[in-house]
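Asks: with the input below, show me the fold.
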Amino acid sequence: MWKALFLFAGLTIVVLGWGYYHVSTHANLNVSIYDVSLKNDRQAYGNVVSADLAFTNAAGTILAKARADKPLGTVSIYHPDSGDCRKIEQEASSSREGMAAWQKCYETKSRWFVTWARQVRFASVNLAHCTIDRVPVSIEESREDWWLWWVPLPHIGGAPYTYFNLALWIDSGSCGPASR
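Replies: The predicted structure follows:
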């Protein structure tokens, strides 16, 4: 009886320990850039669809570079060695080698995000007509329900990640950070 109880307790600790390790060392990061000068009668702000970004800490050290691309303003963050994974991602559906390359690139970036995302305080936003320095960045962090990673259901389970949402508010009309 005690052996079974210790075995169950040990297995539980290993399963939950792995989940905690993975959520602590892997992250997914989303960036949103809002422009208050795009206000009209239907919206209070618009999304920036084309810009180059540099994320910095409080001291001004560049932590990461990124680019928002047309048509939707999807932000791709450039890993110093792996790049942004977009080309590899497009090739992932055509072969097993492509899928393996994409998984390796995503794994590299997800481990890297955890190392700097909490330190971001500002961003430099380079638009077609101006550059806006020291835009405050708001950070939201979520670790989801990491202890449920092992549940084999479609909407629950899978390797747990820490999720970071970085939001920037600018006023491209006055070429400065937005005062919300």
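Asks: alpha carbons only for contacts and neighbour counts from here, please
Replies: Fine.
Asks: and the longest helix along the chain, what does it pack onto?
Replies: With secondary structure taken from DSSP state H, the chain has its longest helix at helix 2-25. Here helix 2-25 touches helix 96-116, going by 3 or more C-alpha pairs under 8 Å, 6 or more residues apart in numbering; DSSP states H and E.
Asks: for the helix it packs on, buried residues please.
Replies: 98-99, 101-103, 105-106, 108-114 (16 or more other C-alpha atoms under 10 Å).
Asks: make TSV from those residues and add distance to Thr12 and pLDDT to it.
Replies: Formatted as TSV, the buried residues of helix 96-116 follow (distance: C-alpha to C-alpha, whole Å; pLDDT from 0 to 100):
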residue	distance to Thr12	pLDDT
Gly98	35	82
Met99	32	86
Ala101	33	87
Trp102	31	85
Gln103	28	87
Cys105	31	89
Tyr106	28	89
Thr108	28	92
Lys109	29	93
Ser110	26	93
Arg111	25	95
Trp112	28	95
Phe113	28	96
Val114	26	95
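Asks: can you lay out those as TSV showing distance to Pro136?
Replies: Below are the buried residues of helix 96-116 laid out as TSV (distance: C-alpha to C-alpha, whole Å):
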residue	distance to Pro136
Gly98	37
Met99	36
Ala101	35
Trp102	32
Gln103	32
Cys105	29
Tyr106	27
Thr108	27
Lys109	23
Ser110	23
Arg111	24
Trp112	22
Phe113	19
Val114	20
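Asks: widest-spaced pair of those?
Replies: Maximum pairwise distance among these (C-alpha to C-alpha): 25.0 Å, between Gly98 and Val114.
Asks: burial of the closest residue to Asn126 other than its chain neighbours, as a residue count?
Replies: Excluding its sequence neighbours, the residue lying closest to Asn126 (C-alpha to C-alpha, 6 or more residues apart in numbering) is Asp52, at 5.0 Å. Other residues within reach of Asp52 by the criterion other C-alpha atoms under 10 Å amount to 18.
Asks: where does Asp52 fall, secondary structure wise?
Replies: If you go by DSSP states H and E, Asp52 is part of strand 51-56.
Asks: now do the helix or strand just after that strand: distance to the chain's middle.
Replies: Scanning forward in sequence from strand 51-56 by DSSP H and E, the next helix or strand is strand 62-69. Mean C-alpha position of strand 62-69 versus that of the full chain (C-alpha atoms, centre = their mean, to the nearest Å) differs by 11 Å.
Asks: helices or strands next to strand 62-69 in the packing?
Replies: Strand 62-69 packs on strand 51-56, strand 74-78, going by 3+ C-alpha pairs under 8 Å, 6+ apart.
Asks: and of the ones you listed, who's closest to Ala128?
Replies: strand 51-56 (7.3 Å).
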